[in-house]
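**Student:** Mind folding the following:
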Amino acid sequence: MPVCLLPAELRILSFLDLDDTSKILRDAACNTHLFCYRRATLILASPSSWRIMADNWSFRVQQGRLPPIENAPKPVPTEYDGMDKQGHSNGGLDNNGYSPPPGDANGTTSPTVDIEQEKIDPEGLDPPPAKPEHPSKPPLLLCSFIANKTKTAFFLFLGGHIFFVVISSILILAGVDLIPIEFQQVPLNIDNDDTYLRNFAWRYRDEDPLILSVNTSAAFVGERTKDGDFLQIFFKGGGNVLTKERLQAIEDVENDLTGKPEWKNFCKQTITNGTGTCVKPISLIRFFDCSMEGFCDPDFSDIKGILYNASLQASKNEILKGLVAKSSEISPTVATSDVTRMVMFTGVPRIPGDLTSDSIDDQYEDIMDFLVDNFKGDLESLNSDGVAGMKVFYSSYQLLLDAIFDQVFADMALAVGSFLFIFLFMLFQTGSLFLTSLAITTIMTSFLGCNLIYRIVFDFRYFGIFHVLSIFIILGIGADNIFVFNDTWRGTAHENHPNLAERLSSCYRRASKSMMNTSLTTFAAFMSNFLSPLMGVNTFGIFSATLVMVNFLSAIIFFPSCVMMYHKYWKDWSWPCFEPCRRIRIYPCAPKDKSKTGHRPNAVVRFFKGPFHRVITHKIFRWIFILVCVAMAGTFVYFATKTEISKEPLQLYREGHNYYEAAKLDFDAFELPLDDRNVKVMLMFGLKNQDRGSCHKSDFECKGKSVFDNAFDMNPKPAQTQLMKLCEEIETMQGDLVNELRLKKSADTGLVEIDCFVVALNTYLESQETDYTPPLSLSLPTSEINLIPFFENNTDLYNLTHVDTNFYRYFETMNSYWLNNGYTGVPLPEYGTYSILVGQSVDDFDTAPILSDPSKKYGTRLRYAAVEITLSLLHSSVDFEEGLEIYNNWEKFADEKIANLPPSLQGGVQFTPGLNERNAWHEFKRQEALAGSAFQGIWIGISLAYVVLAFATMNLIIALMATIIILLVTISVTAFIPILGWEISVIESINLSLVVGLAVDYVVHFSEAYHTSPQKHRTDKVRDMLEHMGVSVISGAFSTLGAASFMMAAQIQFFLQFGVFLFLTIGFSLTYSLFLFTPLLSVIGPEGNTGSMLPAAKYIWNKVIRRKKVDQKGDTRKAKGHDPPYTSEPRDIEDTPMQELKTQDVGHKSANTANGQGSAPYPSSVSPDAEIPSGTVIKL
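**Tutor:** As a prediction, this is how the structure comes out:
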């Protein structure tokens, strides 16, 4: 099929290897300026214009057969005449990028006859039918504006995106915290829950200015005598770590670290005779280096004997069990363990020279700096290289905080890889650097626009680690929207549209509807997280849902102007080095490869329309696909039932990372913890739930205000005696209640471990009675009668004139005397325990200074007090269901006991202290909320997906089938949680709530395409569905899968798991859509009005407005539930009867020859030799 270019640079298409008539046509082309451009429009251009007609692509043209047309008028310009709709020049190219038909010598332009050349049969050249006519719908205003004022529309909408960038830059330069990043903490608290507010009240009880500060200075309690941060180093060997070589290696590591010059300024100390000494690390070395009484073997010559002796002593055995593995074996002849650890303690408070006012937070920051500067490098080397054949892992809270921030930004760099992949893939799909660059730009600027709405309009002030995921999400979703619109635009090139405005409107109606359906379902899935009580989760849902809608609006407003701009002005532009031959001159009658002549459909389209459709709808193969998918789904249902709620703390790093392995070893490897991991319960009096009403909705660090119970008073004698009795009852408790409340009993005394301030106070006062002569009665309850002698014996402390008959605060006076150890200046051994359990404020009447030390006061008012009880329950040792049962037992017990106390104590409550997961009751409720929000998000998403699908397709059956596919995708993804060894935690909860939103895209596209197909039979509908939407689905899936694959390289566990969830969701969604939904449609897909909502809707509507029955008859085509169809490609010619030739303007019909293959047809009323009237256009 050679292509000739005449001196006038007109492309000539002639056909060789056919019959003689075609050769005549070829010769005519080279001699009479016959012009055939790429869409096979044939124009005979000579001094006298000729009309060439084709019937069934057998050309019967003989020179002189058609008479000349005299004085042919100049036709109205069309988009194929080298002009746009308004008649303006478009640079000599039509709006599809092809050369226009030439004019004759007088400047007139010949009418055209369009012949579709999608498929060329080398024998007979049988064509497909003509392009479908475009229904007569008025163009949309937006599309008319874009088509008619393309440059204005483009730059106007581009300016909107630039506006996001400019405003964001101005706000940042003005000092607005536009992106309030917080990666070191994740707010996963239930802000309005009692377990959280009680804990908050206790945590910030001393922030109220009423409360007198407790002396916790280093000078009073001892410098660095309290635990600061602690560093754990784990040694995991390939075999036994209890060998001489490996113990010596562990000792060398310990000596290297403790030998750092700065260590002595940060280590935890023991004070002996006023001199501080660094506490040695807890490790197996203590059993051998002679620092532990009764154990000394510095040469490690008797490892088995030393460790066996330690196992026989209760106190030493507890330490040993915290240093060797659960599976270890210690006996006189055997000592084996595959893991051990070393714990190094830093201390607080410090005395940093003249910086004595430094807060405890500042001191922890100093500890972080010390560990980073002095230990981090050595620890990283140990982790990478190991020691003595052992793997080394380490953990420290301060080092973890330092690492998280850097790691999040490092993992965010993976978004660059996702960005580049989607950019290149989109460039491949669109074939346009112009469109790809603008599409990616709109996706990125959508992020800025969303952030402005989230931060300024919604006024959220938190952007956390979860929000980073939205970058990856929007890359995939945004690319899918671009592919849908661009592929739909390409499809409209195969339809007859009188102008660009109507062509763009046709594209816009279909593409925007498809994008809206998928965007709405994804929006609904994200917004389901808004119902979560956890701020870190609901703010992420709001941000991501907003981002989806902003990107959708950008895709339907700005991208159409990009497409039109490209179509009009940039389509034939190319980089000089990329397409050097695109516009090269080809001399007359030079041969050209036949395969490149004429329009060819996309290879993916051909595959879906042809081979894939034949296989997937085959009467046997389709059932095989259905059965395989059902069996696969049934297997996943089984695994999905095996999912469990995680009991472990949130893991921030992926498996294999140092911090992940260290946390797993700390949690699972040892029989006993070295730190205090027992849950504590407090009976709190004097404090109500914290008031956080003045806190900003997204300020999770806001402390709120303390609310004191003014009825709380310990001075009434019944209050003192009844509280002491309650403490003694708990301490000596026996029976089932011990197990129900999980009370821990001391191994030494057999009593429940409890710190009760009234009991301790009473014990101290009783011990002081004999210090006086005669002995005084100081035991509780306090009273004026037995305390006046005490005051009289301590005139160096108390002003007797102040302690008169009106004095009331006797209990608080004795409480202060106890805590200050008689004001001797030497703190009690239990000072650190009880000084934090009570809080006092100044009383307007009774408070007075101690005479010997005016800085101290007596007669204060007790504002709060607590009793602390230790449980046998360990943190993160039970699931939330069992934990909540224990919590409810405690609520019942506390309510009953407190209700029987005197009125001044009846405001008491129980709670668990500690931060985050250390607040055990709140942790159980948080896990319950996570589990609930995960499945709540799934059901909300699926329900809304059905509603959206039902209204999108107006067919209940299609919507139900598609919803089942979404449900199967969700179940399949859920099944991989136990398959991969994961459990449902906050990460899995968020990911599960997103599965529905990400799973809907492809089945929604297919549902709509099936619904709008003009075909009657379901098999033909499936073919149209695959032909029209197959390429968009594949493009969207590949781009999202590519973006997700980069996330799998992340070290942050949340990013990794999201990448896996995203990959699985898209993979299963594509699989079920192609291999289950498609064959199901070919078997039971609705036809005609089956399942359609429109007849019922019409009936109800007509009943409401009381139309007469005769008025209810309408267009039966519209009653079927769909608008007039659009098809991007005509059906095969053998399936389509030859259309009648129509003569426009004169209203005549053409007649075929008797056998359909005779000479060219003519209007029945016009003889072959008759002159054709001026202006006649004959179309096939």
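**Student:** roughly how far apart are the residue most central in space within the chain and residue 404?
**Tutor:** Nearest to the geometric centre of the chain sits residue 469, at 4.6 Å (C-alpha atoms, centre = their mean). Residue 469 sits 16 Å away from residue 404, taking C-beta to C-beta, to the nearest Å as the criterion. The C-beta positions use only the backbone N, C-alpha and C, and glycine is treated the same way.
**Student:** Quick one: the helices in the stretch 501-650 of the chain, in order.
**Tutor:** 535-565, 603-607, 613-616, 621-640 (DSSP state H, counting those that start in this stretch).
**Student:** Kindly apply the preceding question to the stretch 301-450 of the chain instead.
**Tutor:** Going by DSSP H, counting those that start in this stretch, the stretch 301-450 of the chain shows helices at 303-312, 314-321, 360-374, 376-385, 397-412, 414-430, 433-452.
**Student:** now the ones you listed as a markdown table including mean pLDDT and distance to residue 734?
**Tutor:** Below are the helices of the stretch 301-450 of the chain laid out as a markdown table (pLDDT from 0 to 100; distance: least, C-beta to C-beta, whole Å):
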| stretch | mean pLDDT | distance to residue 734 |
| --- | --- | --- |
| helix 303-312 | 93 | 29 |
| helix 314-321 | 89 | 22 |
| helix 360-374 | 87 | 40 |
| helix 376-385 | 94 | 48 |
| helix 397-412 | 85 | 39 |
| helix 414-430 | 86 | 58 |
| helix 433-452 | 91 | 60 |
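**Student:** Can you add mean neighbour count and distance to residue 289 and give the ones you listed back as JSON lines?
**Tutor:** As requested, these are exported to JSON lines (neighbours: other C-beta atoms under 10 Å; distance: least, C-beta to C-beta, whole Å):
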{"stretch": "helix 303-312", "mean neighbour count": "18", "distance to residue 289": "11"}
{"stretch": "helix 314-321", "mean neighbour count": "16", "distance to residue 289": "14"}
{"stretch": "helix 360-374", "mean neighbour count": "16", "distance to residue 289": "23"}
{"stretch": "helix 376-385", "mean neighbour count": "14", "distance to residue 289": "21"}
{"stretch": "helix 397-412", "mean neighbour count": "17", "distance to residue 289": "26"}
{"stretch": "helix 414-430", "mean neighbour count": "18", "distance to residue 289": "47"}
{"stretch": "helix 433-452", "mean neighbour count": "21", "distance to residue 289": "57"}
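**Student:** nearest to residue 947, of the ones you listed?
**Tutor:** For the helices of the stretch 301-450 of the chain, distance to residue 947 was read as C-beta to C-beta. The smallest value, 24.7 Å, belongs to helix 433-452.
**Student:** tell me what the helix or strand following the closest one is packed against?
**Tutor:** Downstream of helix 433-452, the next assigned helix or strand under DSSP states H and E is strand 463-464. Applying 3 or more C-beta pairs under 8 Å, 6 or more residues apart in numbering; DSSP states H and E, we find strand 463-464 packed against strand 181-182, helix 535-565.
**Student:** List the buried residues for stretch 183-203?
**Tutor:** For stretch 183-203, burial by neighbour count (16 or more other C-beta atoms under 10 Å) applies to 183, 186-191, 193, 195-202.
**Student:** er, stretch 655-665 actually
**Tutor:** Neighbour-count burial for stretch 655-665 flags 657-663, 665 (criterion: 16+ other C-beta under 10 Å).
**Student:** Please enumerate residues in contact with that stretch?
**Tutor:** Contact partners of stretch 655-665, identified using C-beta atoms under 8 Å, 6 or more residues apart in numbering, comprise 232, 234, 236, 339, 341, 383, 393-395, 400, 403, 648-649, 651-654, 1051, 1053.
**Student:** With stretch 990-997 instead?
**Tutor:** Stretch 990-997 is contacted from outside by 466, 473, 521-526, 528-529, 537, 540-541, 544, 933-938, 941-942, 945, 966, 969-970, 973-974, 984, 1057-1058, 1061, 1065, using C-beta under 8 Å, 6+ apart.
**Student:** and what of stretch 685-699?
**Tutor:** For stretch 685-699, contacts defined as C-beta under 8 Å, 6+ apart pick out 191, 194, 197-198, 200-202, 204-205, 459-462, 535, 539, 702-709, 712, 839, 862-866, 905, 907-908.
**Student:** Residue 729 is nearest to which of the helices of the stretch 501-650 of the chain?
**Tutor:** Taking the helices of the stretch 501-650 of the chain one by one with C-beta to C-beta, helix 535-565 is closest: 39.8 Å.
**Student:** how far is that closest one from where the chain is centred?
**Tutor:** Remark: helix 535-565 is offset 15 Å from the chain centroid, using C-alpha atoms, centre = their mean, to the nearest Å.
**Student:** Lowest mean pLDDT across the helices and strands packed on strand 463-464, which one is that?
**Tutor:** Note on the helices and strands packed on strand 463-464: strand 181-182 shows the lowest mean pLDDT, a mean of 87.
**Student:** what mean pLDDT does the helix ranked longest in the chain have?
**Tutor:** Assignment by DSSP state H gives helix 920-953 as the longest helix of the chain. For helix 920-953, the mean per-residue pLDDT is 84.
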